[in-house]
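S.K.: I would like the atomic coordinates for the input below:
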Amino acid sequence: MEKISRTKISELLKREDFGTMVNVKGWVRTKRGSKQVSFIAMNDGSTINNVQIVVDIANFDEEKLKLITTGACLSVNGVLTESVGSGQKAEVLAKEIEILGTCDNTYPLQKKGHSMEFLREIAHLRPRTNTFGAVFRIRHNMAIAIHKFFHEKGFFYFHTPIITASDCEGAGQMFQVTTMNLYDLKKDENGSINYSGDFFGKQASLTVSGQLEGELAATALGAIYTFGPTFRAENSNTPRHLAEFWMIEPEVAFNDIYDNMELAEEFIKYCVKWALDNCYDDVKFLNDMFDKELINRLKGVLDGSFVRLAYTEGIKILEDAVAKGHKFEFPVYWGVDLASEHERYLVEEHFKRPVILTDYPKEIKAFYMKQNEDGKTVRAMDVLFPKIGEIIGGSEREADYDKLLTRIKELNIPMKDMWWYLDTRKFGSCPHSGFGLGFERLLLFVTGMSNIRDVIPFPRTPNNAEF
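M.R.: Presented below is the predicted three-dimensional model:
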């Protein structure tokens, strides 16, 4: 086969130099035709759109053409031709076809609709579907947008440890990391595990958040963000929870809660706008196939400013809704940690736009949040989105050494894990704020997918670590 440099399909479909010889490589999505001519739809992952390869059967070996089945991988040399059919302006009239990889009839992605559940069982092949091609191209673009946003604002990308000896959220739901033989654990006289022979010489776990280390960095570099994998050993089998997910956590010295809310709103709007500007074909495909309101919802987020609402006011709105006959599955009262249904009611039904909820009761929030003068609430903020509920959680951090120490003692958090964190409040403490955005929750919103397992290539959930 003559050597012609390959053109990606995303580029090929934009070209208008008809009559030129081109080479395309990719996988067969479908093949149809008559006795005289075959039409092969081919995709190489660079775009949601396929290129049509037109094959004049008389010019090719019949036995070879039989090997061109759905899923087979081809290299095609042909003439770039103006397409007569609707949909695309360019197609390729095949002159030479090389079969790089055949695909037998056990290939599970034959041309028909497949359920999301089935596709999760073949997660090693699902990126080849239109849906997952679109989702993973958008995932890449969102990662680029995140780095671009923070870089342009003068933030530094800071790498926090994945293996850690401290539990940031105080939730205790951490995966342990060990080199010890689990069948033969050494224990001390109290029956506690002796970690002295372990790799780190102490109990170590996978991180639940890079925030505490991020705060240290912010008090040196001014403004930082983390973007990396985090792990929660929560037994949550819901469409919004993963055991392994990615998190973005900016932390900014000298920012108060109001600056923090501004940053969160600007950040998330930037990402949504990036998706509409740079992934429109993929977003439109998902809009048309899965969620007819997707594009409108994305544009809706960009239109107005987010509502700023105190938790106490939010509870009042929810209690009024209950009084007027609205049924919630979970009870509403001051002090409750809001469920997704409560968050979505405020966003989708009451305000009809995103809401930033602030000033939560301190009992339901983490130890490091700055306490308000009322002694009951903290300067927390959660950004609530349509269809998702909470997409961002953050706060102004407690900068006062004594207040922070008191809170750590109240919650019985072991000081052996916290001395270094407290040092930042002892050596030149400053007001600072930050938040965490679950990357997959952002992707749920941008793609319109309904299950978080479908926006990460290989989901890790209870009883599932396949592939």
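S.K.: Point out where the chain drops to low pLDDT.
M.R.: 86, 166-172 (pLDDT under 70).
S.K.: Specify the residue positioned farthest from the middle of it.
M.R.: No residue in the chain has its C-alpha farther from the mean C-alpha position than Ala58, which lies at 49.0 Å (Cα atoms, centre = their mean).
S.K.: how close does Ile456 sit to Leu411?
M.R.: Ile456 is 32 Å from Leu411, where distance means Cβ to Cβ, to the nearest Å. Quick note: C-beta positions are derived from backbone N, CA and C, even for glycine.
S.K.: okay, the two: which has more neighbours?
M.R.: In terms of neighbours (other Cβ atoms under 10 Å), Ile456 is the more surrounded of Ile456 and Leu411; the figures are 19 against 10.
S.K.: Name the helix or strand for that one, please.
M.R.: Element membership of Ile456, judged by DSSP states H and E, is empty: it is in no helix or strand.
S.K.: I'd like to check which residues are in contact with it.
M.R.: With contacts taken as Cβ atoms under 8 Å, 6 or more residues apart in numbering, Ile456 has the following neighbours: 139, 242, 244-246, 440, 443.
S.K.: Let's see that with 7 Å instead.
M.R.: Residues near Ile456 by Cβ atoms under 7 Å, 6 or more residues apart in numbering: 242, 245, 440.
S.K.: again, but for Leu437
M.R.: Under the criterion of Cβ under 7 Å, 6+ apart, the neighbours of Leu437 are 247-248, 391-392.
S.K.: let's see 10 Å
M.R.: Taking Cβ atoms under 10 Å, 6 or more residues apart in numbering as the contact definition, Leu437 lies against 146, 225, 227, 246-250, 264, 267-268, 271, 383, 391-394.
S.K.: which is the next helix or strand following the helix or strand containing it?
M.R.: Using DSSP H and E, Leu437 sits in strand 432-438. Using DSSP H and E, the helix or strand that follows strand 432-438 towards the C-terminus is helix 439-447.
S.K.: Packing partners of that following helix?
M.R.: Secondary-structure packing of helix 439-447 (3 or more Cβ pairs under 10 Å, 6 or more residues apart in numbering; DSSP states H and E): helix 130-152, strand 223-231, strand 244-253, helix 257-278, helix 280-289, helix 294-303, strand 377-385, strand 389-396.
S.K.: what number of residues lie near Gly375?
M.R.: Using other Cβ under 10 Å, the number of residues around Gly375 comes to 7.
S.K.: And for the one 5 residues further on?
M.R.: Other residues lying near Ala380 total 25 when counted by other Cβ under 10 Å.
S.K.: Thought Met261 was touching it, still the case?
M.R.: No - applying Cβ atoms under 10 Å as the test, Ala380 and Met261 come out as separate, 11.0 Å apart.
S.K.: For Val76, give its distance to His159.
M.R.: Counting by Cβ to Cβ, the gap from Val76 to His159 is 43 Å.
S.K.: Kindly apply the preceding question to Phe149 instead.
M.R.: Remark: distance between Phe149 and His159 (Cβ to Cβ) = 18 Å.
S.K.: what's the answer for Leu74, then?
M.R.: 41 Å.
S.K.: Please apply the same query to Gly191.
M.R.: The span separating Gly191 from His159 equals 37 Å under the rule Cβ to Cβ.
S.K.: can you check Thr230 too?
M.R.: 13 Å.
S.K.: who touches both of these two?
M.R.: Counting by Cβ under 10 Å, 6+ apart, the shared contacts of Thr230 and His159 are Gly210.
S.K.: So if I had to pick from the two, which one is more boxed in?
M.R.: Neighbours around Thr230 and His159, counted as other Cβ under 10 Å, are more numerous at Thr230. The numbers are 24 against 12.
S.K.: wait, isn't that one in contact with Gln173?
M.R.: No - using Cβ under 10 Å as the test, Thr230 is too far from Gln173 to be in contact (11.5 Å).
S.K.: Quickly list what's touching both of these two.
M.R.: Looking at what touches both Thr230 and Gln173 (by Cβ under 10 Å, 6+ apart), the common residues are 208, 243.
S.K.: Would you quantify the distance from the residue lying closest to Ile99 once chain neighbours are set aside to Val76?
M.R.: Excluding its sequence neighbours, the residue lying closest to Ile99 (Cβ to Cβ, 6 or more residues apart in numbering) is Leu67, at 5.4 Å. Distance, Leu67 to Val76, using Cβ to Cβ: 14 Å.
S.K.: Report the set of residues contacting both of those two.
M.R.: Ile97.
S.K.: of these two, who's got more company?
M.R.: Val76 (24 against 14).
S.K.: Can you pull the phi/psi pair for Met37?
M.R.: If you look again at residue 37, you'll see it is Val, not Met. Backbone dihedrals for Val37, given as degrees, to the nearest 10, come out at phi -140, psi 140.
S.K.: what bridges to it?
M.R.: Bridge pairing for Val37 (DSSP bridges) gives the partners Asp56.
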